[in-house]
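Engineer: Please find the sequence and the predicted model below.
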Number of protein chains: 6
Amino acid sequence: MEELDAFTYRDRVAGGAPVLIPAGSIEQHGPHMPLSVDVLLSRKMAGTVAEATGCLVAAPIVYGYKSQQRSGGGNHLTGSTGLDAATVIAIARTQVLELARHGVRQVAFVNGHYENYQFLYEGADLAIRELRHDGITDMKVLLLSYWDFVDDAAIAELYPDGFPGWDLEHGGVLETSLMLLLHPDLVDMTRVADIPPAQLPSYDVLPARPEITPPSGCLSSGAAATAEKGQILLDRASAGMVAAIRGEFGM
Amino acid sequence: MEELDAFTYRDRVAGGAPVLIPAGSIEQHGPHMPLSVDVLLSRKMAGTVAEATGCLVAAPIVYGYKSQQRSGGGNHLTGSTGLDAATVIAIARTQVLELARHGVRQVAFVNGHYENYQFLYEGADLAIRELRHDGITDMKVLLLSYWDFVDDAAIAELYPDGFPGWDLEHGGVLETSLMLLLHPDLVDMTRVADIPPAQLPSYDVLPARPEITPPSGCLSSGAAATAEKGQILLDRASAGMVAAIRGEFGM
Amino acid sequence: MEELDAFTYRDRVAGGAPVLIPAGSIEQHGPHMPLSVDVLLSRKMAGTVAEATGCLVAAPIVYGYKSQQRSGGGNHLTGSTGLDAATVIAIARTQVLELARHGVRQVAFVNGHYENYQFLYEGADLAIRELRHDGITDMKVLLLSYWDFVDDAAIAELYPDGFPGWDLEHGGVLETSLMLLLHPDLVDMTRVADIPPAQLPSYDVLPARPEITPPSGCLSSGAAATAEKGQILLDRASAGMVAAIRGEFGM
Amino acid sequence: MEELDAFTYRDRVAGGAPVLIPAGSIEQHGPHMPLSVDVLLSRKMAGTVAEATGCLVAAPIVYGYKSQQRSGGGNHLTGSTGLDAATVIAIARTQVLELARHGVRQVAFVNGHYENYQFLYEGADLAIRELRHDGITDMKVLLLSYWDFVDDAAIAELYPDGFPGWDLEHGGVLETSLMLLLHPDLVDMTRVADIPPAQLPSYDVLPARPEITPPSGCLSSGAAATAEKGQILLDRASAGMVAAIRGEFGM
Amino acid sequence: MEELDAFTYRDRVAGGAPVLIPAGSIEQHGPHMPLSVDVLLSRKMAGTVAEATGCLVAAPIVYGYKSQQRSGGGNHLTGSTGLDAATVIAIARTQVLELARHGVRQVAFVNGHYENYQFLYEGADLAIRELRHDGITDMKVLLLSYWDFVDDAAIAELYPDGFPGWDLEHGGVLETSLMLLLHPDLVDMTRVADIPPAQLPSYDVLPARPEITPPSGCLSSGAAATAEKGQILLDRASAGMVAAIRGEFGM
Amino acid sequence: MEELDAFTYRDRVAGGAPVLIPAGSIEQHGPHMPLSVDVLLSRKMAGTVAEATGCLVAAPIVYGYKSQQRSGGGNHLTGSTGLDAATVIAIARTQVLELARHGVRQVAFVNGHYENYQFLYEGADLAIRELRHDGITDMKVLLLSYWDFVDDAAIAELYPDGFPGWDLEHGGVLETSLMLLLHPDLVDMTRVADIPPAQLPSYDVLPARPEITPPSGCLSSGAAATAEKGQILLDRASAGMVAAIRGEFGM
């Protein structure tokens, strides 16, 4: 959608194309990957899904919710640049409302930043409530976090030594493999911190206790990442999202 | 704290007692349990932890965030009464600020409603930021969801036929067992809907699709619940929370 | 409503039952009564009215607006835990909206905390405006402060030595008598501060001047309180509210 | 302050002058008085007090909170133009903050619209909280409603046939007499609706029930109003406010 | 509208009269003019337009957005008293909503404070969106800044030595001439600072750099101001606004 | 900054590098250019300035304020996707606050969307106020709209037939020339609508009157655009911004 002119966009919308909104963040991802990993990956994921389904991809949410220590290292770290909940909610709400004004009736957020989820949900919920006040009751919104579509078989294949859990996959094998596949020029594998998975408590502490985030800012090691694993991840996640979109949007 | 007079409360706070804030919801919990299950259980959990640690228990958050379909059946259901994100955030933020004004420096939310978590987090984060503006930098806030302290051993013991996942535990064995233990007069086991675990997608759809929530509103069956299982759950969860509180608060 | 399961609640709502929402606060009430007096009394008042009319009672508003010095001693006092106006407004607004979604069309706030009133009003007003956007124009909301239904005859009977005014009745004869009747185990009459009514200015000063609130935090003495007086108060107030509800709701 | 240039204003502020902020409303006041009665009277009251004390008078709050049926006839009436609570709060908060930035440390709201009071209070409270974050702890704010300074002796003199209560004094003897004294050209006594005091319930109903507001929009009759009574009211109210300001501000 | 009683106002509105809302500010205007110049001029402008067109004039927006350094000297100056954006937006939004409730369908803001413009725009935009939710789609709002109606011919006539630009016209020939015409008693020409136009950058710096605002607070000299120039300005500006209103409102 | 890893970013910040934030929009730019023109150009402008000065470039503001009819064709047009004022303000405010947390003390917004300006200003102003509460008083923020740095000489050279004004430069020579220089693959000159400059009123009308925006959505013709003109514009604008940044930031 960013690279389309308005007239072409109007034709696509008039043809009933759903719109995918990538949702990322500006967040530290260790010494070996850039701050925009979540933006880059959610855009590529959305792009892959769009190619397979004929959806449009909207301009991304670049800044997301504040990094949380147990899933992103914490928003006390320099580089991570997080928005308050109210702002993420407002952005998501407006995107749905504006797309509805354009005539779009099927929207899916393709989320690449764990912390965004509940706030995208609230934004979509508020938008649907407000659309109802305008007499629009046929808007449908999906909330997809791409890792939720990687199945157990793929996990077993990708993590032969055991899976640390999605929350610890910050800057780890998942994201590094996908970046090696999709943006190899932005990964420097010589700078990977090959650390054991972080030992994090089963609760949050505020303010963050800096000592429980590994010095690299990654919660597990990306050393075992390869572009091949990235391809498997991309295939499985995009296949799952394609299926969900086709099913929900009747495509 | 609700049953204390202000003078006694002041003595306790002056003595350095941390404060636990139970966070519940008004949400349908099937035909066999009342709308206030999350309030009741978070209060009892907090009470058990307080007895073991000498913490105070604040008046609870009674109304929580909107029920979500994949963890609570959905906020389209009559009876479930959910607040918007901004309101939950404001309540949590104010509680931390007011307790800080009282002189409290150690606060833990004891959460009994899955959907609340990210909004309690934001409220606590905003409060800590504002306290810093008042020169108060030694406030420490914990966010505890009680089920996160039930370990794998207990799960294996409690769910011999396999564990459906915490999100599907809405109105299921966990909550029903705890209610049988702690508020047996408010449970009617003859009304339990003995259903297989709900088959829910790995993403959210808005507006909710009513047909994917089981008619009972429960996401798994509570038929196997017993007060004995409730005791195991209470013991494990409270032991875990006691350990977390002692460790973090240096008690 | 808290102790009802969702199915029973739905039957009651389908039968046209109005809903009463008790609105309290967490606020110091002297050395002889707990912080939750306003919650406890507004619930009992609502319960009494509900029994007489067939209304449902919703889960209460536990935390209310900040205590003001001329009616509650002031929010500078430790123990009193007040919300900002925006939060009280949001809670009241959401309650009306959610009850409307359930199908309820008759709601009454039963207020037990003087300071809440204008903010409950705003919340109800905003909800009615928003409901209109959904095409719902038959919602009716009442705002009842229970003491407004105690008539002059009762006052003459209860205060033979003169009535200090409702605003000075914080922690005084009214509340203490009702607590002696309804929650005697939570009152310690040996701790009543038998003080003359506070001499307060006819205006507010911010920040509060601590020296004008009596050390007990009560604005008049509860020493003359008895359960018998509590019974008179409960009878008159509930009779007045019952009449108002019957009249307005056509019951 | 409105008619002062900035340099003169700075001299006055540097000299320690307190600032009075008149708070009015745009609200119907019957067929015999203009919509701006509350603005006009609060300005004159503030002006009288300022002359006696050397205070400055700020530009007024022209639009106030929504008219309520039991004190102003209701905001359903054409002409009455009310702000939401959040806006009144924001205006009052900003005025205190901006005056603090100017160097003012003593501020008094002179309120002429019953419904404003709690929202001015909240605005002042939020401002004082925010000033504390800037290290400013010596700001003092008074909230004065001018009728609260009319004593019982004056009431007996002014209302020989009995006093209907301040809330029913909307468009009645009090306001009409003051207008006859202070803005006689804006009063048309031939248009006074000489009605008995309105019979209003002891609670609010939303939405407003139009039939309980008298057709004139006044809650009691202004027929007995005279400029002489206006002078008594002005003298008593301003004397009381002058005393309060001198006492609180140490003048 | 301020001086009308509600019944007369209702007749005028029923007759289809549009409403003009003057939007001013409390802002320093140099040593020779009062803080309320923008309020005074926008009211007189609106009054002149109203006389020619039969519009009503609403009570003004007295406090406007914060003074900006490049158009008003900056909000760091004592005397200038600015509201945050959210508050100006809320006021403008509410005014349109309330006038719509009265039955008005044609509203024009007559702006006299450069900084207000975008926030009035947002307020009007939000109001129109909300009115749509009420099924009201025929509200029309104009945003007029009076200086935008002074044409090039008039400028050449008024500024024989060259026109500094509207943004530098703060406290300069435009405003001073209009004040000399409309409120001569509030101008003291002996106090005019006869300075060259301020040299301001083509960008904003925050916080303001006090040294780039001239000591007088005016951005250009008002020394050449005369009542005759004021008459030309008033004639041209009001003629342009009258034409715009007639054209847009079909009068 | 987007392509930097967090460790490299920290080194740059520790070295005192200022940060530039490009501010764009998603807005129709006629049939010949994409929706993201303002994002693309503000990034390239910022990049050019950064190369010359050693500043960092932050991830851009992708979605900006709603398109206004007199400067962007209007937000009623499909494709244009605008945020409410409150959201733009919140984003700008947070960016300044987060960069301050990182240790940055010099920030410049490089604005490429006319409508954003006042809301970026408010965001920066609120951030500076809040930073003061944290004891941070040395943050400095610049607001640069790149076209404000194109001088009269360049305009005369670029527009030999007369300059329509910056506001009408939406989709015209300025933006098209810059796109031809910087993103030629995203411009299709065969689709340029060669129209005379739009005749727009000197005021805004809400809701937008669609008939006054040319069908192309451009307010003037881009037919005369060339990459050479783009180079002149880039050179002049960036040179002006470089000078401003060097001067203000003491580089």
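Structural biologist: Arrived safely, thanks for sending.
Engineer: Wait, residue A:217 touches residue A:29, no?
Structural biologist: Yes. With contacts counted by Cβ atoms under 8 Å, residue A:217 reaches residue A:29, the gap being 7.1 Å. In short, each C-beta sits where N, CA and C put it, glycine included.
Engineer: Tell me which of the two has more neighbours.
Structural biologist: residue A:29 (29 against 26; other Cβ atoms under 10 Å in any protein chain shown).
Engineer: residues contacting the more buried one?
Structural biologist: A:35, A:37-38, A:170-171, A:175, A:217-218, F:5-6 (Cβ atoms under 8 Å, 6 or more residues apart in numbering or on different chains).
Engineer: repeat that with 6 Å
Structural biologist: A:37, A:171 (Cβ atoms under 6 Å, 6 or more residues apart in numbering or on different chains).
Engineer: give me phi/psi at it?
Structural biologist: Backbone torsions for residue A:29, taken as degrees, to the nearest 10, come to phi -130, psi 50.
Engineer: and the stretch 151-251 of chain A, which residues reach chain B?
Structural biologist: A:202-207, A:244 (Cβ under 6 Å from any Cβ of the partner chain).
Engineer: Correct me if wrong, but residue A:100 is in a helix.
Structural biologist: Yes. Assessed by DSSP: H, G, I helix; E, B strand; the rest coil, residue A:100 belongs to a helix.
Engineer: how many neighbours does it have?
Structural biologist: 20.
Engineer: isn't it right up against residue A:139?
Structural biologist: Yes. With contact defined as Cβ atoms under 6 Å, residue A:100 reaches residue A:139; the gap is 5.4 Å.
Engineer: quick one: common contacting residues for those two?
Structural biologist: Taking Cβ under 6 Å, 6+ apart as the contact rule, residue A:100 and residue A:139 both touch residue A:131.
Engineer: What residues does residue A:107 make contact with?
Structural biologist: Counting by Cβ under 6 Å, 6+ apart, the residues that residue A:107 touches are A:19, A:96, A:99, A:141.
Engineer: One more pass at 8 Å, please.
Structural biologist: Here residue A:107 is in contact with A:18-21, A:95-96, A:99, A:124, A:139-142 (Cβ under 8 Å, 6+ apart).
Engineer: And residue A:122, by the same measure?
Structural biologist: Counting by Cβ under 8 Å, 6+ apart, residue A:122 has contacts A:85, A:89, A:92-93, B:84-85.
Engineer: what's the farthest-apart pair in those?
Structural biologist: The largest separation in the contacts of residue A:122, counting by Cβ to Cβ, is between A:92 and B:84 at 13.6 Å.
Engineer: how much space between residue A:153 and residue E:251?
Structural biologist: Residue A:153 sits 73 Å away from residue E:251, going by Cβ to Cβ, to the nearest Å.
Engineer: And the two? Which one has more around it.
Structural biologist: residue E:251 (15 against 9).
Engineer: Make sure I have this right: the more buried one is in a strand.
Structural biologist: No. Counting by three-state DSSP, residue E:251 is not part of a strand but coil.
Engineer: excluding its backbone neighbours, what's nearest it?
Structural biologist: Distances taken as Cβ to Cβ, 6 or more residues apart in numbering or on different chains place residue E:53 nearest to residue E:251, at 5.9 Å, with adjacent residues excluded.
Engineer: quick one: contacts for that neighbour?
Structural biologist: If you count contacts by Cβ under 8 Å, 6+ apart, then residue E:53 has E:18, E:242, E:245-246, E:251 around it.
Engineer: again, only using 6 Å
Structural biologist: Counted by Cβ under 6 Å, 6+ apart, residue E:53 has contacts E:242, E:245, E:251.
Engineer: how about the closest residue to chain C within the stretch 151-251 of chain A, what does it touch?
Structural biologist: Nearest residue of the stretch 151-251 of chain A to chain C (Cβ to the nearest Cβ) works out as residue A:206 at 19.5 Å. Residue A:206 makes contact with B:124-125, B:128, B:141, according to Cβ under 6 Å, 6+ apart.
Engineer: For burial, what's the neighbour tally of the closest residue to residue A:64 other than its chain neighbours?
Structural biologist: What sits nearest to residue A:64 in space, not counting adjacent residues and going by Cβ to Cβ, 6+ apart, is residue A:25, at 3.3 Å. Around residue A:25 there are 31 other residues, counting by other Cβ under 10 Å.
Engineer: and if you look at residue A:163?
Structural biologist: Going by other Cβ under 10 Å, the residues that sit close to residue A:163 add up to 18.
Engineer: In chain A, which residue sits nearest chain D?
Structural biologist: Counting by Cβ to the nearest Cβ, chain A gets nearest to chain D through residue A:86 (14.3 Å).
Engineer: Please identify the helix or strand for that residue.
Structural biologist: Element membership for residue A:86, per DSSP states H and E: helix A:85-102.
Engineer: Direction included, what does the helix or strand just after that helix pair against?
Structural biologist: Sequence order places strand A:106-111 as the next helix or strand after helix A:85-102, per DSSP H and E. Here strand A:106-111 is paired, per DSSP bridges, with strand A:19-23 (parallel), strand A:140-145 (parallel).
Engineer: who does the worst-scoring helix or strand of chain A on mean pLDDT touch, helix- and strand-wise?
Structural biologist: Lowest on mean pLDDT, DSSP states H and E among the helices and strands of chain A sits helix A:152-158, with a mean of 91. With contacts defined as 3 or more Cβ pairs under 6 Å, 6 or more residues apart in numbering or on different chains; DSSP states H and E, helix A:152-158 has these neighbours: helix A:227-249.
Engineer: Tell me which residues are up against the helix it packs on.
Structural biologist: Under Cβ under 6 Å, 6+ apart, the answer for helix A:227-249 is A:18, A:48-49, A:52-53, A:106, A:142, A:144, A:146, A:149-150, A:154, A:158, A:177-178, A:180-181, B:203.
Engineer: The residues you listed in strands, which ones?
Structural biologist: Using DSSP state E, the members of the contacts of helix A:227-249 that fall in strands are A:106, A:142, A:144.
Engineer: could those go into CSV alongside neighbour count?
Structural biologist: Supplementary listing: the ones in strands among the contacts of helix A:227-249 in CSV, determined by neighbours: other Cβ atoms under 10 Å in any protein chain shown:
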residue, neighbour count
A:106, 21
A:142, 23
A:144, 30
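Engineer: For my notes, please list these in JSON lines and give pLDDT for each entry.
Structural biologist: Output for these, formatted as JSON lines (pLDDT from 0 to 100):
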{"residue": "A:106", "pLDDT": "98"}
{"residue": "A:142", "pLDDT": "98"}
{"residue": "A:144", "pLDDT": "98"}
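Engineer: between these, which is nearest residue B:74?
Structural biologist: residue A:142 (15.1 Å).
Engineer: If you drop the residues flanking it in sequence, what lies closest to that closest one?
Structural biologist: Residue A:142's closest residue in space is residue A:108 (Cβ to Cβ, 6+ apart), at 4.0 Å.
Engineer: just residue A:43 next, same as before
Structural biologist: In space, residue A:43 is closest to residue A:22, 4.5 Å off (Cβ to Cβ, 6+ apart).
Engineer: Mind listing the residues bridging to that neighbour?
Structural biologist: residue A:110.
Engineer: From chain F, how far off is it?
Structural biologist: Computed as Cβ to the nearest Cβ, to the nearest Å, the residue A:22 to chain F distance reads 11 Å.
Engineer: repeat for residue A:52
Structural biologist: Counting by Cβ to the nearest Cβ - residue A:52 and chain F are separated by 23 Å.
Engineer: again, but for residue A:66
Structural biologist: Counting by Cβ to the nearest Cβ, the gap from residue A:66 to chain F is 9 Å.
Engineer: Thanks again, I'm all set now.
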